[in-house]
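In: need a structure here:
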Amino acid sequence: MDSSAKKGLNTLGVLMARIDYAPGGLNPPHTYPRATKMILCLKVNWMRAANVVISKHIMKRENFVFSIGFVYFHKNNGKVPAAVVVGFNSQLPGIHVIASTLFGAMPLVKVV
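Out: Numbering: from 1, shown residues only. Okay, the predicted model is just below:
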């Protein structure tokens, strides 16, 4: 992408990306505090907060919306590589990867 195209996307309030997953590839539990995410993908599993795991397979050409603050993960359960295209309604969605947010915090998070 040339620099004029990059400048053209700046300040429009959207962000898009492509993510490729190897067979068995995993994007660990995470959340976006400042954006809703739409994903167009081959297969995905997600988890929501409140200690309830919901598993959903999304097939090629299907999509799903993850609302702002939703905690989830993606996993390619297939035996071939998978690709997803994601879009955010913010050009700066932020991200909290749950494991590093909890266990990499300074000072340490103490469970009482």
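
In: Name all residues that make contact with the nearest residue to Lys37 once chain neighbours are set aside.
Out: Using CB to CB, 6 or more residues apart in numbering and skipping residues adjacent in sequence, the residue nearest Lys37 is Phe66, 4.5 Å away. Yep, even glycine has a C-beta here, placed from its N, CA and C like the rest. If a contact means CB atoms under 8 Å, 6 or more residues apart in numbering, then Phe66 has 32, 36-39, 46, 72 as its contacts.

In: What distance do you get for Phe66 to His57?
Out: Note on Phe66: its distance to His57, by CB to CB, to the nearest Å, is 16 Å.

In: same thing with Asn89?
Out: 25 Å.

In: Same question for Gly94.
Out: Separation of Gly94 from His57 (CB to CB): 28 Å.

In: now swap in Ile98 and tell me
Out: Ile98 is 22 Å from His57, where distance means CB to CB.

In: same question, Tyr72
Out: From Tyr72 to His57 the distance is 14 Å (CB to CB).

In: Comparing those two, which shows the higher neighbour count?
Out: Set Tyr72 next to His57 and count neighbours by other CB atoms under 10 Å: Tyr72 wins out with 23 against 12.

In: Across the sheet, point out what pairs with that one.
Out: Note on Tyr72: beta-bridge partners His30, judged by DSSP bridges.
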